[in-house]
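Participant: Build me a structure from this.
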Amino acid sequence: MSKLQIVALLMAIGFILVGCRALRRENEELFIPWSTLFTGIIVGIIALFPNVAYILSDILALGKFTGSRLLALLMFGLFILWIFAIVTLNRLTKLNRQFDRYIRNQVTNEFIARNTLNLTGSILCIIPALNEELNLKSVLPRFPKEANDVPIHVLVVDDGSTDGTAAVVRDAGCMLAHVPVNRGGGAALRTGFDIAMASGASVVVTIDADGQNDPEAVPDLTQPIIENQADVIIGSRRLGQHEITHWWRHLGVVLFSWLINLLMGTKITDCSSGYRAIRTESLKHLRLFQDQYHTSEFLILSAKKKLRIDERPIVFRRRISGKSKKGNELLYGFRFLYVLTKTWLRGR
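Facilitator: Sure thing, here's the model as predicted:
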């Protein structure tokens, strides 16, 4: 037996012992102990009977040459690692979604316990905010009290802010839902959606906290939904007024809107607008998961659910103060495309 076989055999014994030890305990998930035990058995068989590797070599049509067995084993190992990576990724995704539901339920239940407002039949404007103290001082007072005789309420979802965001919201007399950790604008909006559905609001409006959108436009965005002409209204900067910050950002909006229209058969001009309105009942049909880059997910899923999507012109200005949370714009574009493609490939 060669030194390599001895090392492989010792590794196999180690894997088998670890797997057997893990199986002595109660385990909700058996994938790790079983995969460890299986790996040990396979490595042990190959260590004791190295010619077995020729079977893999024949299956892979590698032929018999110096190093063919090693090459076959490496390819087999890579395949096993790939399977392991896929399973691990699925487990992490499941855990992340469980954590998401837990946080949202906790925040929603705490909000309902603190607030006894009945929002039935009203419009709820949801603002995700992370350290937007200065901007909210200008944004919150500009919301109208009603739209088309329907009362408007404002909810700020504080996404783990460390500044005076919460104090500004309370001073303005608006509702506040505090998320203890920063999770992203999409996650904050999902929490707001849960509150909207639990409180009975009929229409939800999402708007950023940075002052780029005019709260005065809420009546225009919600009117088609109130009059049952649409289920989703997107505020389009391209149909209205747009203070273009960078030409490549404008180009990205044009190209990605064209791509979504091509894939989904829609007629959208502004696919990345976070200023939008939706019938609360329609939210129940959207399985939203994205913590960031959520605008493309929202649009594509709305189209898949055959919701009536329309647009209204809005004014889009430069951020009042502070820096954008989107990060590097080139990376933002690639990530936006990734989420767009991933959502399109999803079944629902």
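Participant: excluding its backbone neighbours, what's nearest Leu155?
Facilitator: Met175 (4.5 Å; Cβ to Cβ, 6 or more residues apart in numbering). Every C-beta, even on glycine, is put in place using the N, C-alpha and C of the backbone.
Participant: ugh, wrong one, Arg237
Facilitator: That would be Phe316: by Cβ to Cβ, 6+ apart, it lies 3.6 Å from Arg237.
Participant: what sits opposite the one you found in the beta ladder?
Facilitator: Asn213, His242 (DSSP bridges).
Participant: gap between it and Ser236?
Facilitator: According to Cβ to Cβ, to the nearest Å, Phe316 and Ser236 sit 9 Å apart.
Participant: Contacts only, for the residue lying closest to Phe143 once chain neighbours are set aside.
Facilitator: Nearest in space to Phe143, with sequence neighbours left out and distances taken as Cβ to Cβ, 6+ apart, is Pro215 at 4.3 Å. For Pro215, the contacting residues are 125, 139, 142-144, 207, by Cβ atoms under 8 Å, 6 or more residues apart in numbering.
Participant: Select only the buried ones of those residues in PyMOL?
Facilitator: Isolation of the buried members of those (16 or more other Cβ atoms under 10 Å) is achieved in PyMOL through the command below:
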select buried, resi 125+139+143+207
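Participant: so what's the residue nearest to Asp220 when sequence neighbours are not counted bridging to?
Facilitator: Distance criterion Cβ to Cβ, 6+ apart; nearest residue to Asp220, sequence neighbours excluded, is Arg312 at 5.3 Å. Here Arg312 shows beta-bridge partners Gly235, assigned using DSSP bridges.
Participant: Give the other helices and strands that the helix or strand hosting Val43 contacts.
Facilitator: Take DSSP states H and E as the rule and Val43 turns out to sit in helix 31-48. Contacts defined by 3 or more Cβ pairs under 8 Å, 6 or more residues apart in numbering; DSSP states H and E place helix 31-48 against helix 3-23, helix 68-114.
Participant: how about low-confidence regions in the stretch 201-348 of the chain?
Facilitator: Residues of the stretch 201-348 of the chain meeting the criterion pLDDT under 70: 244-247, 322-329.
Participant: Buried residues in stretch 19-38, which are they?
Facilitator: Buried, per 16+ other Cβ under 10 Å, within stretch 19-38: 19, 32-33, 35-37.
Participant: Can you add distance to Gly77 and pLDDT and give the residues you listed back as CSV?
Facilitator: CSV is the format used below for those (distance: Cβ to Cβ, whole Å; pLDDT from 0 to 100):
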residue, distance to Gly77, pLDDT
Gly19, 17, 83
Ile32, 18, 74
Pro33, 20, 78
Ser35, 13, 79
Thr36, 15, 81
Leu37, 17, 84
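Participant: Mind picking the two most distant members of those?
Facilitator: Ile32 and Leu37 (9.7 Å; Cβ to Cβ).
Participant: tell me the contacts of the residue positioned nearest the centre of the chain?
Facilitator: Nearest to the mean C-alpha position of the chain, by Cα atoms, centre = their mean, lies Gln290 at 0.8 Å. When contacts are counted by Cβ under 8 Å, 6+ apart, Gln290 touches 186, 297, 339, 343.
Participant: Sitting in helices, which of the residues you listed do you find?
Facilitator: 186, 297, 339, 343 (DSSP state H).
Participant: any idea how far the third one lies from Gly192?
Facilitator: Put plainly, it is Val339. In terms of Cβ to Cβ, Val339 sits 20 Å off from Gly192.
Participant: Tell me, how many residues neighbour the closest residue in space to His294 that isn't next to it in sequence?
Facilitator: In this structure, His294 finds its nearest non-sequential neighbour in Gly186, 3.3 Å apart by Cβ to Cβ, 6+ apart. With neighbours defined by other Cβ atoms under 10 Å, the count for Gly186 comes to 20.
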